[in-house]
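> coordinates only, no sequence provided:
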């Protein structure tokens, strides 16, 4: 990993993805419906909720109840009434329980590296995606990074591209995802 020195004292910084900036760049707009798979503490959930506004909706999913409780509490504090946080195992068939072709965007950020059934999760994202919808996929880079999961537990870009193609998804474009990650926008082919 390339690290950039922030000053002459030897202090280093790594640039992470800014959720608000990335959501704005994606064109997620007022009134849209967004699903956030693996929402964790909700950084991208809340950025999407602000972008879609009160007439839009963000469905946030995680397998850990404490993460869902945290997102619900933070959404209340931030006044984001358009966030619905749900406990879900996205490795199960129809794991989100959302209607088919109901979402404009599906966000999958640092979720696949920690799941065995990557294909099932990508298939679920495709199932709920509207015909003209998009999927944001961001995962940890493969390099020798000082931060993040162990190198051998990261999802390889090549492995995920095979799964993406198997599900009939196309890669619309690759995106800048900071120094620690790689990312791409997927569409139904």
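Here it is on my side, so go on. Quick caveat, the model's predicted, so the values are computed rather than measured. Numbering: from 1, shown residues only.

> quick check: mean pLDDT of the longest helix belonging to the chain?
When the chain is parsed with DSSP state H, its longest helix is helix 65-78. Mean pLDDT, computed over helix 65-78, is 98.

> residues making contact with it?
39-42, 45-46, 49, 60, 62, 81, 83, 85-87 (C-beta atoms under 8 Å, 6 or more residues apart in numbering). Quick note: C-beta positions are derived from backbone N, CA and C, even for glycine.

> and the two most separated of those residues?
Greatest spatial distance among those (C-beta to C-beta): 40 and 81, at 20.7 Å.

> heading C-terminal from the longest helix of the chain, find the next helix or strand.
strand 83-87 (DSSP states H and E).

> by contact count, what packs against that following strand?
helix 43-52, strand 57-62, helix 65-78 (3 or more C-beta pairs under 8 Å, 6 or more residues apart in numbering; DSSP states H and E).

> list the contacts of the first one.
Helix 43-52 has contacts (C-beta under 8 Å, 6+ apart) with 19-20, 22-24, 28-34, 36, 39, 56, 58, 60, 71, 74-75, 78, 80, 82-83, 85, 105, 107, 109.

> if I pick residue 17, what's in contact with it?
109, 138, 177, 178, 181, 183.

> got the contact list for the longest strand seen in the chain?
Secondary structure assigned by DSSP state E gives strand 129-140 as the longest strand of the chain. The contact list for strand 129-140 (C-beta under 8 Å, 6+ apart) reads 17, 22, 26, 101-110, 112-113, 125-126, 148-149, 154-155, 157, 160, 164, 169, 172, 175, 177, 180-188.

> how far does stretch 36-47 stretch from start to finish?
Distance across stretch 36-47, first residue to last, is 11 Å (C-alpha to C-alpha, to the nearest Å).

> deepest-packed of the helices and strands packed on strand 83-87, please.
strand 57-62 (a mean of 26; mean count of other C-beta atoms under 10 Å).

> helices or strands up against that strand?
strand 33-37, helix 43-52, helix 65-78, strand 83-87.

> any idea how far residue 163 lies from residue 31?
31 Å (C-beta to C-beta, to the nearest Å).

> neighbour count: the two, which is higher?
residue 163 (17 against 11; other C-beta atoms under 10 Å).

> I'd guess the more buried one is in a helix, am I close?
Yes - checked against DSSP: H, G, I helix; E, B strand; the rest coil, residue 163 lies within a helix.

> secondary structure class for the nearest residue to it once chain neighbours are set aside?
Leaving aside its sequence neighbours, residue 163 sits nearest to residue 119 (C-beta to C-beta, 6 or more residues apart in numbering; 4.9 Å). The three-state label given to residue 119 by three-state DSSP is helix.
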